[in-house]
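Peer 1: fold the following and give me the result.
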Amino acid sequence: MRKSPWFLGGLAALLLFAPSAAQDAAESCTSLAGTIDAVSVPRLEGEALVGFDVTGTGATGPLADMEVTARFDVERFLADGSVVITGSHRFAGGALGDFASRDQGMTSATGAVVNRMELTEGASGFLITHGPIDLETGTLSLEYLGVHCAGA
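Peer 2: This next block holds a predicted model:
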């Protein structure tokens with residue numbers, strides 16, 4: 001898939017701001033990297049798109065044994081067809097323990113997704129996801145990277 005310039009710029013900006021206070025306690029932190037497959041279902045009010053509900057269908061890496069769900073709200077639509085979203089994720093049932101995030105992301109009109117999650121409940125740290133979404137089926141195939149610090 002050819003990545004659009006906004007997507008690559010957005011990913012670079014997210015990675016630039018990715019370091020968090022969680023990295024100060026490196027002895028209790030775990031680096032995260034892998035893939036997540038999921039399905040996104042649009043949430044409508046009448047005919048207006050107001051958000052997405054997402055359910056993980058599989059993962060690799062440290063999140064492989066976790067149940068992953070997310071809920072996103074549409075913040076605004078951009079002139080190029082991109083959608084700015086905010087929301088949260090819940091991660092449950094794995095070796096890392098249960099934790100949640102506060103998210104900010106964007107989906108392009110061509111099906112590229114980038115999202116930054118700040119871990120806010122049950123852990124500290126961050127996750128960045130990026131990859132394609134099939135706009136017809138809602139199927140996501142994302143790569144993730146980040147840092148998880150236990151006991152926050």
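
Peer 1: tell me the contacts of residue 139?
Peer 2: For residue 139, the contacting residues are 37, 38, 39, 40, 133, by C-beta atoms under 8 Å, 6 or more residues apart in numbering. Just so you know, the C-beta spots here come from the backbone N, C-alpha and C atoms, and that holds for glycine as well.

Peer 1: residue 133 now?
Peer 2: So residue 133 contacts 40, 107, 111, 112, 113, 139, 140 (C-beta under 8 Å, 6+ apart).

Peer 1: try residue 39
Peer 2: Residues counted as contacts of residue 39 (C-beta under 8 Å, 6+ apart) are 54, 55, 57, 137, 138, 139, 140.

Peer 1: if you rank the residues you listed by neighbours, which is first?
Peer 2: residue 140 (24 neighbours; other C-beta atoms under 10 Å).

Peer 1: helices of this structure, start to end?
Peer 2: Ranges of helices in the chain, per DSSP state H, are 5-16.

Peer 1: looking at the contacts of residue 39, which is nearest residue 98?
Peer 2: Nearest to residue 98 among the contacts of residue 39 is residue 55, at 16.4 Å by C-beta to C-beta.

Peer 1: what's opposite that closest one in the beta bridge?
Peer 2: Note on residue 55: beta-bridge partners by DSSP bridges are residue 39, residue 69.
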